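Engineer: The sequence and its predicted three-dimensional model are supplied below.
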Amino acid sequence: MNPFKRNRIGISIVILIFFVVFSMCGKETTEEAKLTYAPQVPPHIERDYEAKVIVNMETVEVVGRLADGVEYTFWTFGGSVPGPMIRVREGDTVEFHLKNHPTSKMPHNIDLHAVTGQGGGAAASLTIPGHASKFSFRALNPGLYIYHCATSPVGMHIANGMYGLIFVQPKDDLPKVDKEYYVVQSEFYTKGKNGEPGLQAFSMEKAITEIPDYVVFNGSVGSMVEDRSITAKVGEKVRLYVGNGGPNLVSSFHVIGEIFDFIYAEGGILPNQKNVQTTLIPAGGSAIVDFTVDVPGTLILVDHSIFRTFNKGSLGMLKVEGVANSNIYSGKEEDTVYLPEGPAIQRMVTEVKPKVAAKTKEEILANGERVYKSVCSACHMKEGQGVTGVFPPLAKSDYLNADKQRAIQILKKGLSGPITVNGQKYNNVMPHLELTNEEIASVLSYVYNQWGNKGYMVSEQEAK
């Protein structure tokens, strides 16, 4: 080839590359944020450059489940509590579109703690029903941040469910893990007491005095248990992005059965402590916790202000599958009877719940199911199978089916001392639970009509 011609071709290629690069200058990559609903986390951002990220979110007021038999009118981002999790990268420009559904009764906005600017975007995003707002911000600071509605009365909007998390992924990325999950704790204040069935209204009086009826993970009692549990396999590294929507309580976050390898306290990006058992998460704050699951089993997520967990709902499950390792955990090696309090009957005083009329058999059994799930299932298990040697079974129970009056008296007065159920000896204490006569009749009728039992019905008159 002619050397002059070859040089001309080379120069042309260089010029072409120059024009392509020049034409791209000043243009930025634009993408839409992938939002996820708890407990799922948006996918890891693989790009190593800044981009313009579009976030589309809608506020909508919906009636949903707060607990079994209990409904609540939630004010939400994206139709869920918590709202969708957002993930952007440090340095990104975020264009936020907030729409307020026409059926909403209230104006809403959003205050993102990741925003540097007035109100965290609240003033720029105030949106009346049937309208939409847009504003932009630069994600300057990496970390895990709460977002919430900040429309007056701010506390009421948050208490009704308007909060979520935004993670600004750092340029110098966090260490990779195998599983990531999204968990937000919050509390609800209802006119009725905990467990009172039906559609419950918000109680401003209880919210001001900071006495919640429910303290929950991800918006409702039982949102992360049984078939809704999060999962992992032995040897996997798990990262939990944990927020506290409040509006009032500080969370003492703990995972029963594991120790946090690292915590990123208060949502920062530097691991500031190792081998942590429990970490505090303030209202309107967050934490990132990393741990490796070492043995199979069910790990329990709790607020270690423990009555909140076992009486108000802040309980979740992480089910771990894999091969057991007796060098780390043996399981039970011995089982003996130990009764330091002798035959004393423990008495747990609780407030008597308002009477709920139950007339038909179906209504009685439905009411009994609610009582069983809230009072009995923690010991006797979901399907009445009990725990061998500890809590006797109610399913196909010869002891239960032999004497209906005895069963009534046990619920009225409690029980202590040895008994034999289906050939297995038990020696434990059944505490007095302060159930109403109607609740006793309903829950016994429910149990007798489940799990292969005799099908008896117990009347409220019999329970007196």
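Structural biologist: Happy to help now that I have it.
Engineer: Just give me the neighbour total for the residue nearest to residue 370 when sequence neighbours are not counted.
Structural biologist: Residue nearest to residue 370 in three dimensions, not counting chain neighbours: residue 69, with 4.5 Å by CB to CB, 6 or more residues apart in numbering. C-betas here are computed from N, CA, C, even on glycine. Neighbour count for residue 69, taken as other CB atoms under 10 Å: 18.
Engineer: So residue 69 sits against residue 194, correct?
Structural biologist: No: Residue 69 is not in contact with residue 194 according to CB atoms under 8 Å; the separation is 11.5 Å.
Engineer: residue boundaries of the strands in the stretch 51-200 of the chain?
Structural biologist: 52-67, 70-77, 86-89, 93-100, 111-112, 132-138, 143-148, 163-169, 179-188, 198-200 (DSSP state E, counting those that start in this stretch).
Engineer: Indicate which one of those strands is closest to residue 326.
Structural biologist: Proximity to residue 326 (CB to CB) singles out strand 179-188 among the strands of the stretch 51-200 of the chain, at 24.7 Å.
Engineer: partners of the closest one, with directions?
Structural biologist: Strand 179-188 pairs in its sheet with strand 214-217 (antiparallel), strand 237-246 (parallel), by DSSP bridges.
Engineer: Now do it, average pLDDT.
Structural biologist: The pLDDT scores in strand 179-188 average 98.
Engineer: Between the two ends of stretch 133-150, how far is it?
Structural biologist: 15 Å (CA to CA, to the nearest Å).
Engineer: Same check on stretch 191-200?
Structural biologist: One end of stretch 191-200 sits 6 Å from the other (CA to CA).
Engineer: I'd like the strands of the stretch 51-200 of the chain as CSV, with mean neighbour count and distance to residue 272 appended.
Structural biologist: Below are the strands of the stretch 51-200 of the chain laid out as CSV (neighbours: other CB atoms under 10 Å; distance: least, CB to CB, whole Å):
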stretch, mean neighbour count, distance to residue 272
strand 52-67, 18, 28
strand 70-77, 22, 30
strand 86-89, 24, 22
strand 93-100, 20, 27
strand 111-112, 24, 24
strand 132-138, 16, 26
strand 143-148, 25, 13
strand 163-169, 26, 18
strand 179-188, 25, 20
strand 198-200, 15, 40
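Engineer: what's the closest of those to residue 297?
Structural biologist: The nearest among the strands of the stretch 51-200 of the chain, by CB to CB, is strand 179-188 at 15.9 Å.
Engineer: angle of the closest one against strand 143-148?
Structural biologist: 30 degrees (axes from the mean of the first three to the mean of the last three CA atoms, to 10 degrees).
Engineer: quick check: angle from strand 179-188 to strand 70-77?
Structural biologist: Following the same axes, to 10 degrees, one obtains 120 degrees for the angle between strand 179-188 and strand 70-77.
Engineer: how far off strand 163-169 does strand 179-188 point, in degrees?
Structural biologist: 150 degrees.
Engineer: can you give me how far strand 179-188 is from the chain middle?
Structural biologist: With CA atoms, centre = their mean, to the nearest Å as the basis, strand 179-188 stands 5 Å off its chain's centre.
Engineer: Understood, closing this out.
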